Each structure stands twice: as C-alpha cells, then as structure tokens.
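A.B. asks: Output the structure for:
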Amino acid sequence: EEKLAVSTVEVTKQTINETLDTTGTVSTASEQSFTLMNKVKVKTVNVKEGDVVKAGDVLATFDVSSLETALNEKENNYEKALAAYNKAKNSSSSASGKINSTKKQIAELEKKIETLKAKTSTTKPSSTKNGSGVKVSDDLVKRFIKIAKRFGVEYDEETARKVLTSILSAGSSKSDISGLLDNLGKIAGGSGSFDMNAFAQMSGGSSALINAEMSLVQLKAQLATLELQTNDTYLSVYKTIYENAQSEYQKALNQTNEMKKGWIASEKGLVSEVNIKVGETVETQTVVDGKNVDISSIISSVSSGIDVSKMISSFFGSDKVGIKVLNYPLVADISLSKYDVLDVSVNQEVSVKSANNEIHEGRVSYVGAVATSTGSSLDLNSIMTGSSNTIPAQVTIEDGDKSFIVGTDVDISIITDTQENALVVPVEAIIIDGSDVYVYAYNKDKSTAVKKKVTLGISNDTYYQVLSGVSEGDVLIKNTSGLEDGAKVKLK
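C.D. replies: Have a look, this model is predicted:
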C-alpha cells in the first residue's frame, strides 16, 4: 500500500494574541504652523521638508530690524481702522439729528419744483443765442440721466438734453466742457465730490427749474449718505475692520517677540512644509477681483457703500505659512463595525505596519460613542455586516517616523485578546467541517494518521489556541488534504 508523504508539527505552549485587522488613514493630532509677517527678511533656514525635529530645535531666524518695519505696518493699519471707526460713530450720532430736517427740505423743494413745472408748461420756451450752436452727445445725455437717477431724480431724454444744452452754453471754451465731463465722471464713479448746486449754476441761473432740480439731487444724495451713516450695519462693518486690525496688531506683537528668537519647534515632529528661502524679504499682497487691497482701500470702500465682506476676509485671513511641523505622535483614523467595537477599548495595544513594512507599536486612543454613515462607498465593514454605519476610532502611533506619510493608508492590528501559556496549533493543521473541528495526529509506531476532535479558543493569522483534544508534544500532520483516519503515511 502506497503511503502518503506528510509534514508534521509539534503542539507547543506559548502566548497567543487574537487581533482585529483593519486599515487606517495617517493624520496628525496637532501641528505647528509658523506664519510670516510682511516685509520680514529671512536670515537662516535650518530645515527642509521631511526632516524630523525635536522640541527646542531652531527652524529659522530673521533680520531683527525688518521685524520692526513689519510691526509698524500692522500698527498703522490698526490706527487707521480705529480712526475710521471713531469717525463713523461720530458721523452716525451727527447724522441722526440731520435726517428729519433734510427730509423736510426735500419735501419743500419737491413742492417748489411742481409749481415751477406748472409755470413752465404754460410758457412757450424761447431759444437762446447761447444754446443755438451747442451739440450735446447722446452719450452725455445717457450719462446725465443715469447719474440723476442714482440720486432719485427722473429725467426723460428731451428734458435732460435741454438741461445739458443750457449748462454747456454757459461756457464756450474746451477747458470748461472738459471740466464738466470730469465732474460728471466723478459723479458716475461715486466719489460724492461734485457740487450739484455749482453744476446748476454753470447754466448761468437761466432756469429756476433746473436749479431747483439740481438742488433736489444734492439733497437726496445728502439724505442717502445720512441714512447710510446711521445704519447699524454700516457702523458694524467699521467695527469689524477695527477689531480685525486690533487682533492682527496684537498677533504681530507676539509674532515679533517669537521671531526675534527664531522659529523654535515646541515638540518632536516632521517638517511638512518649508516656504521660505535664505535672504528673501517676505512680500504679501492681498488681491481681490484683480485689485490690490490694503486697509485704506477697505475703509474708503465702506464709505462708498460697497460690500467689503470679501475684502475683509481676504485681507485679514491671508497669513502665509513659512514652515509647518506635524507634531508626533502621529495617529491613524479607523472605522469599526457594530460587532468589532465590542472588542475594542481605549489603551488597547496596537501594531502598525509602515510604508517600509516595519512594525511600530501603538495604542487605541479614541473610540467614538456614535456611529456615522460611510456614505455610498463600500468598505470591508459594510460588506461584512451589511451596514454602512461605522464607529469612528483613532490609533496613536507611539514611535511613528517619516516612513508614515500623512494621508496614506496603513495596516493596523489591534490586540483584542491574549492567552499566555496556551496550547497552540498552526492554522494549516486545523480542519473545520461544519460544526466539527479536528486534527490528524501522527502515530509514529504505526506510521498512520489518527483523527482527533478538538475544541478551539482564540486565534490569529498563524495559530489556533486548542482547549482540548491534544496535549503538548503531540505531533500533528500539517498537509491534511486526502487524509482519512488510519491512513498509512510517511514523513517527507
């Protein structure tokens, strides 16, 4: 009878760990970002990306004299913002008392205009010598109508042309006309520096109606300004600018004191960014919609009624990071199923495999109390349990180094049970047939395979713990394929 060649293994006693194997994404529990100040000159840079630093290491140093220039800029911004805020508060208080009187003047002037219009309609307008040779362009008429409408006065094209003809006829030189166009441009630009009464007087006062309508435009413009100044939102914007500038100045004071000593690492960590070079002078410029923004332009924009929220967020939130350090220890974020979470608790031991396949020690540092949805994507837990909800957890990698790359996946084994001095059998010697579990022992005297039923305990990728059925020193057959109880075998 032909004997089957087999390999054997001896039942031994040893410590066996049962593990939960999963993957996690590497991140950092904390980081240190060193931000730059405008106009600061870099003196030395002592690290590069990928370097591991320890607490107390000097990462970079700076020209001390340039720090004062940078601080002065922040102080000037703060002083300008404070002055603008105080001016806005005073204007708001003063404007409140002028609104009613301005509204009264507008009402009286509107009645006067109605009266003048009634008189004008009964009088046939006569042509004047001055107006006979003046040509008013369509573009100028359209601009005038648009400008007047912004201040609440409606002109049709015929009336607007008549007004402009009267005004332009008052002066025949090109310089006068050029000056008029310049002033119209100022109005269109919203500068508010153009005197509407003076504009009306260029017609030589030939029309009381024109003068009255121009005065109405000016009064309505004044009312709009007064109402803007008393608006709570208007004042709050100035306050926001002032508070941000104050915060930036205070931060700059702290930065200046720190940078005089150089940038110093507070903890052991990995340098992930270096955005400065030796000898360079930092130039930070905020650009919004293609335009450079500074504190003065923000303040002037507020007074013009422009929405400055984007400018504020960009100007005060534009810190440039010079060096960033990811502090150790690193962590790995994992997800647990509703079954696995029962076997995991804080401070459990963990082994983590790095990118170079080295095993590093770790521990469970956090287990969530509430499950979260993993969305539409499938993962191992959702496939195994039929649920897309998992419990977030975190593992701290105690001795992590630069072989762990933030944002990448790592293999993690969490020790969920440990049995010391346990009888163990290699997994390839165990046969599981439904509810029956057995092994084949090697009978040396008869050179036969003997089938034995066993009871299992915990397991891992390599071993099963055997609770009953075999004893220490028993010799078991590893390659069990084709074996039967009592079969003749020979050792390989």
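
A.B. asks: what about the helices in the stretch 151-300 of the chain?
C.D. replies: Secondary structure of the stretch 151-300 of the chain (DSSP state H, counting those that start in this stretch): helices at 157-168, 174-188, 196-201, 208-229, 232-261, 295-303.

A.B. asks: Same question for the stretch 351-492 of the chain.
C.D. replies: 380-385.

A.B. asks: Is it correct that residue 273 is in contact with residue 320?
C.D. replies: No - Residue 273 lies out of contact with residue 320 (Cβ atoms under 8 Å); the separation is 10.9 Å. C-beta: built from backbone N, CA, C; applies to glycine.

A.B. asks: Correct me if wrong: residue 292 contacts residue 285.
C.D. replies: Yes - applying Cβ under 8 Å, one finds residue 292 in contact with residue 285, separated by 5.7 Å.

A.B. asks: Against residue 364, how distant is residue 420?
C.D. replies: 21 Å (Cβ to Cβ, to the nearest Å).

A.B. asks: Looking at those two, which has the bigger crowd around it?
C.D. replies: Legend: neighbour count by other Cβ atoms under 10 Å for residue 420 and residue 364, higher for residue 364 (21 against 9).

A.B. asks: how about that one, what does it touch?
C.D. replies: Each residue near residue 364 by Cβ atoms under 8 Å, 6 or more residues apart in numbering is listed here: 344-348, 350, 393-396, 414.

A.B. asks: buried set for stretch 431-441?
C.D. replies: 437-441 (16 or more other Cβ atoms under 10 Å).

A.B. asks: Between the two ends of that stretch, what distance do you get?
C.D. replies: 12 Å (Cα to Cα, to the nearest Å).

A.B. asks: What's the mean pLDDT across that stretch?
C.D. replies: Stretch 431-441 shows an average pLDDT of 93 in the prediction.

A.B. asks: How far off centre is that stretch?
C.D. replies: Its chain's average C-alpha position is 58 Å from that of stretch 431-441, according to Cα atoms, centre = their mean, to the nearest Å.

A.B. asks: what's it in contact with?
C.D. replies: Applying Cβ under 8 Å, 6+ apart, the contact partners of stretch 431-441 are 425, 429-430, 449-456, 469-470, 474-477, 480, 483, 485.

A.B. asks: try 6 Å this time
C.D. replies: By Cβ atoms under 6 Å, 6 or more residues apart in numbering, the residues outside stretch 431-441 that reach it are 429, 449-454, 456, 474, 476-477, 480, 483.

A.B. asks: Can you tell me which of the contacts of residue 364 are buried?
C.D. replies: 344, 348, 350, 393-396, 414.

A.B. asks: List the contacts of residue 332.
C.D. replies: Residue 332 makes contacts with 24, 26, 395, 410, as judged by Cβ under 6 Å, 6+ apart.

A.B. asks: got a winner among these for most neighbours?
C.D. replies: With neighbours defined as other Cβ under 10 Å, the most crowded of the contacts of residue 332 is residue 395; it has 27 neighbours.

A.B. asks: Find the helix or strand that the nearest residue to that one once chain neighbours are set aside is a member of.
C.D. replies: Nearest non-adjacent residue to residue 395, counting by Cβ to Cβ, 6 or more residues apart in numbering: residue 332, 4.6 Å away. Element membership for residue 332 (DSSP states H and E) is strand 330-336.

A.B. asks: Likewise for residue 325?
C.D. replies: Going by DSSP H and E, residue 325 is part of strand 321-327.

A.B. asks: one step back: going by distance to residue 7, which of the contacts of residue 364 wins?
C.D. replies: Residue 7 has its nearest neighbour among the contacts of residue 364 in residue 414, at 32.2 Å by Cβ to Cβ.

A.B. asks: Quick one, grab the pLDDT at that closest one.
C.D. replies: Looking at residue 414, its pLDDT is 92.

A.B. asks: so what's it bridging to?
C.D. replies: Note on residue 414: beta-bridge partners by DSSP bridges are residue 20, residue 350.

A.B. asks: Who are the contact partners of it?
C.D. replies: 20, 344, 348, 350.

A.B. asks: Report the angle between the lengthiest helix in the chain and helix 295-303.
C.D. replies: Of all the segments assigned as helix in the chain under DSSP state H, the longest by residue count is helix 64-121. Interaxial angle of helix 64-121 relative to helix 295-303 (axes from the mean of the first three to the mean of the last three Cα atoms, to 10 degrees): 20 degrees.

A.B. asks: can you list contacts of the strand holding residue 325?
C.D. replies: With contacts defined as Cβ under 6 Å, 6+ apart, strand 321-327 is touched by 28, 30-36, 59, 265, 267, 269-276.

A.B. asks: Just the buried ones from those?
C.D. replies: The neighbour count (16+ other Cβ under 10 Å) marks 28, 31-32, 34, 36, 59, 265, 267, 269-272, 274, 276 as buried among these.

A.B. asks: Show me those residues that map onto strands.
C.D. replies: 28, 31-32, 34, 59, 269-272, 274 (DSSP state E).

A.B. asks: Closest one to residue 141 out of those, please.
C.D. replies: Distances from residue 141 to those, taken by Cβ to Cβ, are shortest for residue 34, at 59.7 Å.

A.B. asks: so the closest one touches residue 263, yeah?
C.D. replies: Yes - counting by Cβ atoms under 6 Å, residue 34 touches residue 263, with 4.6 Å between them.

A.B. asks: quick revisit: ok, so of the contacts of residue 414, who is nearest residue 72?
C.D. replies: The closest of these, once distances to residue 72 are taken by Cβ to Cβ, is residue 350, at 52.0 Å.

A.B. asks: that older thread, same list, the contacts of residue 332, but as JSON lines with distance to residue 71 please.
C.D. replies: Listed next are those as JSON lines, based on distance: Cβ to Cβ, whole Å:
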{"residue": "24", "distance to residue 71": "44"}
{"residue": "26", "distance to residue 71": "38"}
{"residue": "395", "distance to residue 71": "43"}
{"residue": "410", "distance to residue 71": "44"}
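
A.B. asks: okay, those residues in CSV with pLDDT and distance to residue 219 next?
C.D. replies: Below are the contacts of residue 332 laid out as CSV (pLDDT from 0 to 100; distance: Cβ to Cβ, whole Å):
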residue, pLDDT, distance to residue 219
24, 94, 70
26, 93, 67
395, 95, 72
410, 93, 73
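
A.B. asks: helix/strand/coil for residue 314?
C.D. replies: Classification of residue 314 using DSSP: H, G, I helix; E, B strand; the rest coil returns helix.

A.B. asks: Mind pulling up the pLDDT for it?
C.D. replies: 80.

A.B. asks: do you know how far it is from residue 308?
C.D. replies: Using Cβ to Cβ, residue 314 is found at 10 Å from residue 308.

A.B. asks: These two: which is more packed in?
C.D. replies: Legend: neighbour count by other Cβ under 10 Å for residue 314 and residue 308, higher for residue 308 (23 against 16).

A.B. asks: In contact with that one, which residues?
C.D. replies: 298, 301-302.

A.B. asks: same deal with residue 47?
C.D. replies: Residue 47 is in contact with 59, 271, counting by Cβ under 6 Å, 6+ apart.

A.B. asks: give me phi/psi at it?
C.D. replies: The phi and psi values for residue 47, taken as degrees, to the nearest 10, are phi -140, psi 170.

A.B. asks: And the pLDDT at it?
C.D. replies: On the pLDDT scale, residue 47 is placed at 96.

A.B. asks: ok, now residue 265?
C.D. replies: Per-residue pLDDT puts residue 265 at 95.

A.B. asks: so it touches residue 52, yeah?
C.D. replies: No - with contact defined as Cβ under 6 Å, residue 265 does not reach residue 52; the gap is 10.1 Å.
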